[in-house]
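Enquirer: I'd like to go over a predicted model; first the sequence, then the structure.
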Amino acid sequence: MSARSGWFARAALTLLLAWLVLYPILVVVADAGRGDALATFVSRPGEWGALWASVWISLASVVLAAVIGVPLAFLFEWLEFPGRKTLGSLIALPAVLPPFVGVVAFLFLYGESGFVARAVQAALGLTRAPWRLQGAGAILLVHAYSMYVYFYLFARAGLAKLDASMLEAAQALGAGRWHTLRRVALPLLRPSLAGAALLVFMTALGSFSAPYVFGGGFRVMTTQIVATKLNGELPLAMVETVALALVATLGLVVLRRTEGDDILAALGKGIGPLRRPIRRVSVRALATATGWALAVLLLLPHVTLVLVSLVPYGTWTTEALPPVLSFVNYQRLFGEPERLRPLVNSAWMAAASTAAAIAVALAAGALVGRRGGRWRGPIETLVALPWALPGTVFAVALATTFGAAQPWALRWVLVGTVVLLPLAYLVRNLPVTGRAVLAGYRQLDPAVEEAAASLGAGRWATFRRVTLPLLKPALAAGGSIAFVAALGDFVTSVVLYTYDNRPISIEIMGSLRISELGVAAAFGVMLMLASALVLGLGARR
Amino acid sequence: MKAFVTLDGVRKQWSPTVSVGPLSLEVARGEMVALLGPSGSGKTTVLRLLAGFEALDAGRIVVGGEDVTAVPPAKRRFGMVFQHYALFPHLDVGENVAFGLTARGAAAADQVRAKVAEALALVDLAGFERRRVYELSGGQQQRVALARALAPEPRVLLLDEPLSNLDPALRERTRRELRTLITRVGITSVFVTHEQEEAFDLGDRVAVLHDGRLEQAATPDELYEHPASLFVATFVGRANVVRGALAGALGARDGQIVVVRPERLRFADAGVPGVVRERRYTGAAAFYQVDTEPGDRLEVQAGPGAARVGERVYLEATGVMTFAEGGGGVRP
Ligand SMILES: Nc1ncnc2c1ncn2[C@@H]1O[C@H](COP(=O)(O)OP(=O)(O)OP(=O)(O)O)[C@@H](O)[C@H]1O
Ligand SMILES: [Mg+2]
């Protein structure tokens, strides 16, 4: 590539990304500043309440997720007990439940008329359900369940990288187990833990499904935005969107700072510590029992979903367990074209948006992956930006930007067409594929491509025969995560779907509204299986 | 010699086929012992058994009359310098050195500070307390590791390949400093190395390990002059190993193996005949490869002008060591 065409390609990619990622946000900011929406926002206590709720729910989610995930990581990384391997992978299972499906499963399981409530009701002979799954507590329960996985996985990865001689050095200096843990292991894990905290905070801040279903009167900013928009108070919704975006950015900056130096991770050169077998029989039995009990607890939502999906419409009323089980719901799913549509819609939109996100990421990698230059900073930032902003923010921003016909301002009416939703998926997936591909490019030894070139391979042949195969693990990992996220998306879909491209999650919501729990659950099971399959394939080496 | 540290029949069974030991070794108070051996011979294993990081499968370890076999590493009061130093990257130099002083519970802050300063002064790093460990050079990191290990005044100092992480130019200077320092502190120490020069330079005695067994533990002179086995004779120093007809010509009995060092061969007017094939000049001397008539090739160390390539020469041995095939040494 000549210097000039290289410059042109980089500039074009930067502009494309800016138009996709940054421009909609700017449009929202401009709209928010118009009129008296800002004054309305400031004067309503409900708005501040929702904003504060978003913040404290996110912080509490971080604490809860850490309290569950970190000890589990130590248990599985440092100790050896029967079933450790199987359990260790089972424990990451919440990851295959898309957020909205997880919430629905929780509803069936712990909700007012869920299995657990019914069991308690039957056992105690109560006339009414013993509790309502609603409010902040319910949201936190779902968050803890779905987000501890981040802490668990990050802490395990950090522990696996920990240099065993660090721990031995502490011991040789007379430090006991507790002292070693507190003064050496945990500080060395700080980058991993801060990374997990950041991820949980951002996920919880953008969480929509749990507050939407369980919030009741309790509003967080994401649900507030959607409610305001449905009310037709568009300018106010813009202000709310900007407020949420600001909080997200602030959280990102603060948490990034605590993440600190990579030097901690970089300095360890040795091998990881060996797992210590638990010798005392009683303790080992306890660890094993705890592990399995936990696995069952974590698996309950999945099992619930499968069970409910087998319940035909109207057959389950007051019994503790459903009296009739059949595959009738699945037959309807695949037998009625109207029911099949959402499955097809989700599949093609997820596939198309993932393919496009990978293509953009590859372009970014090829242009600035190795030799940065002036364009690297802007391109990397633009690719990562959607990650820093909640899905609701992007959905509203895209709906606003592409709801007006101003071709001179690069705005077309896409609202109401089938392309807007996949476009939103694409934007939301850019960070995942971008990060994977850029990291892959950075690990690539430039000498390998140079070798190919010296052997006579042209630019395209080198890319196809050398670069692409080497990037395959990164592409598979990033692509599978992106695909699964798009397949199960609810946050952006609820704002941007049309009847013609309604995805699975929207169909689940619709089925729940008309009390077709079985069908809703069957859709959930399909999503769960597809997610597990794709993630499994993506993780294979 | 009165032993301060005793390894008594110590054995580690890694797997049904791989084991280290049984091995017995005594270290006197204030002595510095080198564990020398090829890769996989069990040096690190022995050191880690001593430190308590691995549990013994047999035998016992006694220090100053106290059986420490079952004592965990944190209570052994052994100092250890790790191969990659294992400095805590989240603590500064001062906090690293103070770690062992405060690990067993609270200690008076000014006392700790004084001890840290003292330990750092000992390794020539006075005033480095507030520096970050990753800002230090390799040699400085090594000295911080040493100060950290010495600060709590351990009974024994263990060092795992203490110089292997340094570049060759630095290695020799650091070696001298290490020797001076350890002599000054007078601490009983055991260190691992796979370099003979390092072992000879630093060790009062050298324990040679081979395939998990202790071949010989002796002073460098003794090892060189009177190796206890064929392995030691060839592993320590340069050596020509000769079997068969040529061995007979050099004075061995039937079935014996002869080991002769290059400096113990010289060109003479009579003796084993041969032709000089190669000459490698090293300055003070030269090494000559001689193809002898009985068939083997011998390496001879002699003056730079003692012979020319292609010249026909006669070799004479001034000292040979003989060993029984597969057995121990026989004094010449
Ligand atoms: N943790 C372990 N598990 C199983 N086998 C081990 C372990 N550590 C060492 N071994 C085995 O014990 C033998 C001695 O190993 P050791 O590491 O002590 O050798 P070494 O002399 O330190 O070698 P090197 O110079 O390569 O460091 C080797 O055969 C090795 O494979
Ligand atoms: Mg070793």
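Expert: Nice, I can see it. Ligands and ions are numbered 1, 2, ... in the order given.

Enquirer: would you mind listing where the chain has pLDDT under the threshold?
Expert: The chain I'm using is chain A. A:1-3, A:258-274, A:276-279, A:372, A:454-456, A:541 (pLDDT under 70).

Enquirer: wrong one, I was asking about chain B
Expert: Using pLDDT under 70, chain B drops low at B:1, B:106, B:326-332.

Enquirer: give the burial count for the residue in the stretch 351-500 of chain A that chain B sits nearest to, as a bare number.
Expert: The stretch 351-500 of chain A approaches chain B most closely through A:Arg442 (21.5 Å), counting by C-beta to the nearest C-beta. Heads up, the C-betas are built off the backbone N, CA and C, glycines and all. Number of residues near A:Arg442 (other C-beta atoms under 10 Å in any protein chain shown) recorded here: 10.

Enquirer: can you tell me which residues contact it?
Expert: Contacts for A:Arg442 (C-beta atoms under 8 Å, 6 or more residues apart in numbering or on different chains) come out as A:Gly369, A:Arg370.

Enquirer: what's the helix or strand for it?
Expert: Here A:Arg442 sits within helix A:420-443, counting by DSSP states H and E.

Enquirer: how far does the helix or strand following that helix sit from the chain's center?
Expert: Downstream of helix A:420-443, the first helix or strand assigned by DSSP H and E is helix A:446-454. Distance of helix A:446-454 from the chain centroid (C-alpha atoms, centre = their mean, to the nearest Å) equals 37 Å.

Enquirer: how about stretch B:171-178?
Expert: 14 Å.

Enquirer: do the same with stretch A:491-503
Expert: Relative to its chain's centre, stretch A:491-503 lies at 18 Å (C-alpha atoms, centre = their mean).

Enquirer: what of stretch A:201-216?
Expert: In terms of C-alpha atoms, centre = their mean, the centre of stretch A:201-216 is found 12 Å from the chain centre.

Enquirer: same deal with stretch A:133-151?
Expert: Stretch A:133-151 sits 14 Å away from the centroid of its parent chain (C-alpha atoms, centre = their mean).

Enquirer: same thing with stretch B:134-151?
Expert: 21 Å.

Enquirer: got the CA positions of that stretch in PDB?
Expert: C-alpha atoms of stretch B:134-151 as PDB (Å, rounded to 0.1, in the frame of the first residue of the first chain):
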ATOM      1  CA  TYR B 134      11.200  -2.800  39.100                       C
ATOM      2  CA  GLU B 135      13.200   0.400  38.600                       C
ATOM      3  CA  LEU B 136      16.400  -1.400  39.800                       C
ATOM      4  CA  SER B 137      18.900  -3.100  37.600                       C
ATOM      5  CA  GLY B 138      19.300  -6.800  37.800                       C
ATOM      6  CA  GLY B 139      22.300  -6.700  40.000                       C
ATOM      7  CA  GLN B 140      20.600  -4.300  42.400                       C
ATOM      8  CA  GLN B 141      17.500  -6.500  42.500                       C
ATOM      9  CA  GLN B 142      19.700  -9.400  43.400                       C
ATOM     10  CA  ARG B 143      21.200  -7.400  46.300                       C
ATOM     11  CA  VAL B 144      17.800  -6.400  47.500                       C
ATOM     12  CA  ALA B 145      16.800 -10.000  47.500                       C
ATOM     13  CA  LEU B 146      19.900 -10.800  49.500                       C
ATOM     14  CA  ALA B 147      19.200  -7.900  52.000                       C
ATOM     15  CA  ARG B 148      15.600  -9.100  52.400                       C
ATOM     16  CA  ALA B 149      16.700 -12.700  53.100                       C
ATOM     17  CA  LEU B 150      19.400 -11.600  55.600                       C
ATOM     18  CA  ALA B 151      17.400  -8.900  57.500                       C
END
